[in-house]
Each structure stands twice: as C-alpha cells, then as structure tokens.
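A.B. asks: got a predicted structure here, sequence first:
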Amino acid sequence: MKAALGKVEADREYSLEDAIKCAKEASYTKFDETVDLAVNLGVDPRKSEQMVRGTVVLPHGIGKKVRVLVFAKGEKEKEAREAGADFVGAEDLVEKISKGWLDFDKSVATPDVMGIVGKLGKILGPRGLMPNPKLGTVTFDVARTVKEIQAGKVEYKTEKAGIVHVPIGKVSFDIDKLIENARTVIQSLIKAKPATSKGKYLKKVAVSSTMGPGIGVDVTSLGKGV
C-alpha cells in the first residue's frame, strides 16, 4: 500500500487517462482488481427529486461473469433460458431464496410474477438484488434485458453523501477500454441530472482499484456538459 501511495500525488488532479494509468500502476494485489469510478454529485439525495439513479451499458463490460436470475413463467421462462439466464423459475426460486440461497448477482422479473417476488423484498432489497421497474429489471422484454446485463449493464445510485460508485472494468483491461467505459458512465450521469440540481453538478471525480488509493480527476478535462 505504501508503494502504491508513493505513485500517486495526493493533491494533484489528473486527466482521466492519467488517473486510470495511475490506478493500474498502483495496483499491487495478486488478483485482478476492479477499477471503480467515484463521482461526487451536486445533489441532495435526501430530496427524492434529486436522487440520481439509473443504468448504463458499458461498451466493454466489467470483466466479470454476471449470474442472472429471472423470475418468469411460460413463454417468458423459455425466452429467459434461451437468452442465457443462469437461473429461471417462479415459486420454486422464491422458496429457495426464502431459505437463504443467494448465489446470483442480478435478478429480473416479468410484471405478472411480481406478486410472489414481492415477498422477498426484505431479503433482496437490502442486498440490491430486488427487481425494479425504474432500473428496467421488471419487464416482459426478458431476452434483451438478460443479454444487456451479461454484456455489461451496471446500475448506479447516489449514496447519502451524494456520491455514485460505478465499476468500469478490471485492472487488466486496456487503458482505452477503461477510458471509454468511464466516459460512458459520466455521460449517463450527466443525462440523469435532476432539473432541481443547482450549481456545479460534477463536483469531484476519482478513480481507484479495489485495494488502491483514490486518484483525483480534473473535472474540466472531461469535456463538454460536465
């Protein structure tokens, strides 16, 4: 960690490209760390109209196999299996999860089965695994949703301090791929800017690997719309 910190100038704000280069160089673990983008937004998340929440499909994915579970019946169950969902079912999955099974990363549900899925709210909600219509995971368009998630669709949501954390790939990714993923996230955040947000919207941006130090990004280097 000391060696990693020595590669970063604490008070300096880097260009996005240099920050990502620095994050890669400062990675010191034996496993392939995730690269995280942290953005401090000029919003008050205590106000519902200023809660920034959404999804974005990263052009190069996040470098991780995402296990997708789909709650569906009939034709939609078949559609989910054909699209490559890892687990598909309805009452059987609800029962399995209620007994403590949680070996999946994302869940999708068709609207007609949300009556039974709703019973899992206390289990799935706190873990961020509950299907949500606002995030496009309660839908009849099952095949497209499953494929998008597996291709690199990520969710984001402002935390209490107005900060959004989004994974943008792995340390092993080429710099160009990490930059493109990061810019895609930033553009999505800009589009999601609440109408009631005043003043500077992108206040601070930082890049880090899982175990590495946070590296400040010069917001003005990100281009138009920030």
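C.D. replies: Perfect, I can see it now.
A.B. asks: wait, Val56 sits on Thr184?
C.D. replies: Yes: under the criterion of C-beta atoms under 8 Å, Val56 makes contact with Thr184 at 6.0 Å. Where you see a C-beta, it was placed from the backbone N, CA and C, and this is true even at glycine.
A.B. asks: any idea how far Lys153 is from Pro167?
C.D. replies: Plainly put, Pro167 is 12 Å away from Lys153 if you go by C-beta to C-beta, to the nearest Å.
A.B. asks: what is the subsequent helix or strand relative to the helix or strand bottoming out on mean pLDDT in the chain?
C.D. replies: The weakest-scoring helix or strand in the chain, judged by mean pLDDT, DSSP states H and E, is helix 2-6 (a mean of 51). Where DSSP states H and E defines the elements, the next helix or strand beyond helix 2-6 is helix 16-26.
A.B. asks: counting by contacts, list what that next one packs against.
C.D. replies: strand 34-41, helix 175-191, strand 202-209, strand 215-217 (3 or more C-beta pairs under 8 Å, 6 or more residues apart in numbering; DSSP states H and E).
A.B. asks: tell me the mean pLDDT for that helix?
C.D. replies: Helix 16-26 shows a mean pLDDT of 89.
A.B. asks: in it, what's buried?
C.D. replies: Judged by neighbour count (16 or more other C-beta atoms under 10 Å), helix 16-26 contains these buried residues: Leu16, Asp18, Ala19, Ile20, Lys21, Cys22, Ala23, Lys24, Ala26.
A.B. asks: let's have those in JSON lines, adding distance to Val219.
C.D. replies: Below are the buried residues of helix 16-26 laid out as JSON lines (distance: C-beta to C-beta, whole Å):
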{"residue": "Leu16", "distance to Val219": "10"}
{"residue": "Asp18", "distance to Val219": "14"}
{"residue": "Ala19", "distance to Val219": "11"}
{"residue": "Ile20", "distance to Val219": "15"}
{"residue": "Lys21", "distance to Val219": "18"}
{"residue": "Cys22", "distance to Val219": "16"}
{"residue": "Ala23", "distance to Val219": "17"}
{"residue": "Lys24", "distance to Val219": "21"}
{"residue": "Ala26", "distance to Val219": "21"}
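A.B. asks: I'm done for today, thanks for sticking with me.
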